[in-house]
Structures are given as structure tokens and as C-alpha cells.
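> mind looking at a prediction? Sequence and model below.
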Amino acid sequence: MQFERQDLELALRRSRIKHKAGHSMKSAPTEIVPLIHANPVPRSFYERDPEQVARAILGKLIVRSFQGEELAGRISEVEAYLGLDDPAAHAFVGRTERNAVLFGPPGFAYVYFIYGMHYCLNFSCQPEGHAGSVLIRAVEPVAGLHKMAELRGIPSTANAKALTGGPGKLCQALGITRMAHNGVDVTLPTSRLRVLDDGAKVGPIHATPRIGIRKAQDRLLRFLVS
DNA sequence: AAGCGGATCGTCT
DNA sequence: GACGATCCGCTTG
């Protein structure tokens, strides 16, 4: 328990240094950032346009409590889905049993199963009654890397892209499933899946068309940090 | 380095 | 009954 906390602090520190230093591997001043200083992202944060939320959520931490262990990743790539006006969004067809979370209050996990094989994680945006969401496409591994690799079925924790570098990958690495996590409130500090802000600042944000989407390719709704 | 196809199933037509 | 907000391994260059 004590060991896990230290492990998490170390991992957070490494993650922050990497963000500040960019690609440079030169030594940087160490900075301890205990998890206790990472605050839940409030519901009001999500109660906006998905595009705003998508940009703002980059750099936030997704923390997953898994069998007494904390698995954490820093959000590095997202896509915005706009709801009824967006032909690429699940909500476009109107409210169904599957996409009901999108029409509910903001700050809840929308998890769906895709291609008969993978789960994808979204967070609901906008006030209740209005659909819209942010798809999490990639995170940088921060804590619990060994467990992540085990869940992914790969031997090494070294390759971040192989570990959590895709929507399906990060769900597998964090042990996220539709049955366990669809509809979970991610603003609660006690949730087994939650989003925290540790104050980390992100660099320049790149915007591109969304991946795997045929419609609305003129819209730059995919956002990633370099 | 990049492109192809197979795996696999819930959801809506 | 078709197909998708994907991933992986195998192919080729």
C-alpha cells in the first residue's frame, strides 16, 4: 500500500518531466506530485461543447482502480463527437438503449463494444438531454504499467504506443469494459474509473480529421499533444 | 514502412 | 443480415 503510493508518485513525476522537457532526455529538476494533489475534474468541465472539452481534457489523468491497484494514464489524444448534428456520432440516430448515456448528464463514461473485439471509452458532454462526447484515443502510461502490460497480453511495458496508444488498447490496458464501466460517473473521487487534474500543462495541440470516419472529414475534431 | 485482411459480435435495418 | 469511432500479424517494398 505504502509501496504503491510511492510507485505512483514516482510515475507521476516521470510523466510530468517528460511533458515539460518534450523530447529532451536531459536531467530535469525533480518534482514530486502526490496523487493527493490531483483533484477530480468537476461535472461543469464536461457541460460544454465536446470540442472545448476535447481540447481541455488533454493532459488530465484517467485513473482506474483495479483489484486494489491504481492504473493511471495521461490523456494524449481525443476526438470530439457532436451529437445529433454530427453524422459520425453514435447519437446521430437519436437516443437508443445503446447510446442512452450520451443523452444523460455530463461527466459519465460511455463505453461501447466495436468490431466484435474492442471497447472504446468516451465521456459524455453537454447538459442533460443534449448528446455529445469525447472519445479517448490514447493515453501515456503513468502508473500500474506492469498490470497494464499483463492485461494487454504483451511482455514489455517499454512501448507506450503498444501499451495504451489506441482506443481499444487503452481500454484493455485499464481493464475497461462496457458491462463494468458504461454509465460510471467519472467525476466522483470514489469511482473505480475517474478523471483527475494534477495541474500538468500540455504543449501545442494538433487538430486533424477524425480517424476511421468517412463523414465530415473536413472537420478537425481529433486533437493530440506532441 | 506501409498496406492488407481476418477476427468477432452487438446493434440497428 | 450488414457493418463498424479497431487491432494484430503477415505480406511486400
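Thanks, I have the structure now.
> neighbours around A:Ala54, how many?
Neighbours of A:Ala54 under the rule other C-beta atoms under 10 Å: 27. Bear in mind the C-beta positions are built from the backbone N, C-alpha and C, glycine included.
> what does A:Leu82 give?
For A:Leu82, the neighbour count with other C-beta under 10 Å is 22.
> same thing with A:Phe45?
A:Phe45 has 20 neighbours, counted by other C-beta under 10 Å.
> what do you get for A:Ser226?
Other residues close to A:Ser226 by other C-beta under 10 Å number 10.
> that one is in contact with A:Val202, isn't it?
No. Using C-beta atoms under 8 Å, A:Ser226 is not in contact with A:Val202, being 9.1 Å away.
> and the longest strand seen in chain A with DNA strand C, contact?
Counting by DSSP state E, the longest strand found in chain A is strand A:69-81. Yes. Against DNA strand C, strand A:69-81 shows contacts by C-beta under 7 Å from any atom of the strand at A:79, A:81.
> in the helix or strand following that strand, what's buried?
As assigned by DSSP states H and E, the chain's next helix or strand after strand A:69-81 is helix A:100-103. Applying a neighbour-count criterion of 16 or more other C-beta atoms under 10 Å, one finds A:101-103 buried in helix A:100-103.
> so how far is the helix or strand following helix A:100-103 off the chain centroid?
With elements assigned by DSSP H and E, the helix or strand that comes after helix A:100-103 is strand A:109-114. Computed by C-alpha atoms, centre = their mean, to the nearest Å, the chain-centroid distance of strand A:109-114 equals 13 Å.
> what about the helix or strand that strand A:109-114 is followed by and DNA strand C, any contact?
For strand A:109-114, the following helix or strand on the C-terminal side (DSSP H and E) is strand A:118-124. Yes. Strand A:118-124 is in contact with DNA strand C by C-beta under 7 Å from any atom of the strand, via A:118, A:120, A:122.
> what is the burial count for the closest residue to the first one other than its chain neighbours?
So that's A:His118. Leaving aside its chain neighbours, A:His118 sits nearest to A:Gly168 (3.2 Å; criterion: C-beta to C-beta, 6 or more residues apart in numbering). When neighbours are counted by other C-beta under 10 Å, A:Gly168 registers 17.
> could I get the pLDDT score of A:Gly168?
Note for A:Gly168: predicted pLDDT of 96.
> can I take it that it is in a strand?
No. Applying DSSP: H, G, I helix; E, B strand; the rest coil, one finds A:Gly168 to be helix, outside a strand.
> so which of the buried residues of helix A:100-103 also contact DNA strand C?
Among these, DNA strand C is touched by A:Leu102 when using C-beta under 7 Å from any atom of the strand.
> now, which of the buried residues of helix A:100-103 sits nearest A:Ala91?
Nearest to A:Ala91 among the buried residues of helix A:100-103, counting by C-beta to C-beta, is A:Leu102 at 4.5 Å.
> check contacts around that closest one.
Taking C-beta atoms under 8 Å, 6 or more residues apart in numbering, we find A:Leu102 in contact with A:83, A:89-91, A:95, A:110, A:122, A:124, A:131-133.
> between those, identify the one with the most neighbours.
A:Ser133 (31 neighbours).
> so it sits against A:Ser124, correct?
Yes. A:Ser133 is in contact with A:Ser124 according to C-beta under 8 Å; the separation is 5.5 Å.
> what do those two both touch?
Joint contacts of A:Ser133 and A:Ser124 (C-beta under 8 Å, 6+ apart) are A:102, A:110.
> quick check: residues of chain A near DNA strand C?
Residues of chain A lying close to DNA strand C (C-beta under 7 Å from any atom of the strand) are A:79, A:81, A:88-91, A:102, A:110, A:113-118, A:120, A:122, A:133, A:135, A:152, A:154, A:162, A:166-170, A:210-213.
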